[in-house]
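Student: take this sequence and fold it.
(3 chains)
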Amino acid sequence: MTPRIRIHPFSLRDTLECGQFFRFTKIMDTYIVQSSDRIFSLWQKGDFLFYEGVEEPFLIHFLRLDEELNPILKEIDQDPVIHQAIQKYRGLRLIRQDPWECLLSFLCSSAKSIPHIRSMIEILCKSFGRKIFYGNIIGYGFPEPFCIKNSLQLESVRAGFRTTYLVKVNQCIGRDQLLAMKSLSYQEARQSLMRLSGVGKKVADCTLLYSLDFLEAFPIDTWIKKGLQRAYFGGKRTGEKEMENFISNHFGPFAGYAQLYLYHLWRNNPPC
DNA sequence: CGTCAGGTAGCCA
DNA sequence: TGGCTACCTGAC
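Tutor: Sure, this is the predicted structure:
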């Protein structure tokens, strides 16, 4: 019998498709997922998550299945807007990505649409990653730290001005240093990340939330900004600092989960 | 052809 | 702090 895990609440679809993670493809009801140098498949029926090509401990870590979701949702359920998002997408979970892959992925993301980001990452993997197999499907692992040496090697990635970001970050930091940031405070870790070329608040917060367990991180992109302005500030233009203060006061230490739900809500139902 | 897209860096008030 | 612009590239 195919191995499976019982989880509740859980929505594989919302978890993968809410924008926090890029390397998956959907075939019928099955998702082929790639992360670092793994390739495996996942599908869901009711409360059961079926999996193939991967071990259970990795999945539990990757999908944070040992984290009680309902208490967190209760904690952030502070107003009618977030309440609606929670009702609609309950089961959407934060993914714990590899920090190196996460950082580079979001380094590619600035001023690009999701299909473009996907394409850049895919070419990066094809150029630098090792071949990996799942049945007769061939995939490519994510490039390891320090393997991108200069911008010439990135020509085919067509990353534009992000090319220098990728090269510089490859010179400056590796996976261990990123993981070590877990022991810092949120502000310290954020500042450290922002010293890297191409890493501003948004990319730093994505890395902190999606890969380093800083659940208070709340990445603010243009969609979230528009939505927050309309939903919480009466449509008025709002200063960055005021917005940050509101978020941490209103949603608290699990604000990152609120970001996930609100982002998903506003991507599917644009606030403008 | 112009505009714009999940942002950042650099410069200025 | 807040506001502005250029930056590569590809799609509408």
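Student: which SSE is A:Asn170 in?
Tutor: For A:Asn170, the host element (DSSP states H and E) is helix A:162-172.
Student: chain center to that helix: distance?
Tutor: Distance, stretch centre to chain centre, for helix A:162-172: 20 Å (C-alpha atoms, centre = their mean, to the nearest Å).
Student: and A:Gly239, how many residues sit next to it?
Tutor: Neighbours of A:Gly239 under the rule other C-beta atoms under 10 Å: 9. All C-beta atoms are positioned from the backbone trio N, CA, C, and that covers glycine.
Student: what pLDDT does it get?
Tutor: Here, the pLDDT recorded for A:Gly239 equals 91.
Student: and if you look at A:Asn269?
Tutor: With respect to pLDDT, A:Asn269 scores 79.
Student: so the residue in the stretch 51-200 of chain A that DNA strand C sits nearest to versus DNA strand B, what's the distance?
Tutor: Shortest the stretch 51-200 of chain A-to-DNA strand C distance, computed as C-beta to the nearest atom of the strand: residue-wise this is A:Gly160, at 2.1 Å. From A:Gly160 over to DNA strand B the distance is 9 Å, taken as C-beta to the nearest atom of the strand, to the nearest Å.
Student: tell me where the model's unsure across chain A.
Tutor: Applying pLDDT under 70 to chain A flags the ranges A:271-272.
Student: could you export the helix holding A:Asn170 as CSV, CA atoms only?
Tutor: Taking Å, rounded to 0.1, in the frame of the first residue of the first chain, the C-alpha atoms of helix A:162-172 are listed here in CSV:
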residue,chain,number,x,y,z
ARG,A,162,19.3,39.9,-10.4
THR,A,163,22.4,38.3,-11.9
THR,A,164,24.8,40.3,-9.8
TYR,A,165,22.7,39.5,-6.7
LEU,A,166,23.1,35.8,-7.4
VAL,A,167,26.8,36.0,-7.9
LYS,A,168,27.5,38.2,-4.9
VAL,A,169,25.4,36.1,-2.6
ASN,A,170,27.2,33.0,-3.8
GLN,A,171,30.5,34.6,-2.8
CYS,A,172,29.3,35.8,0.6
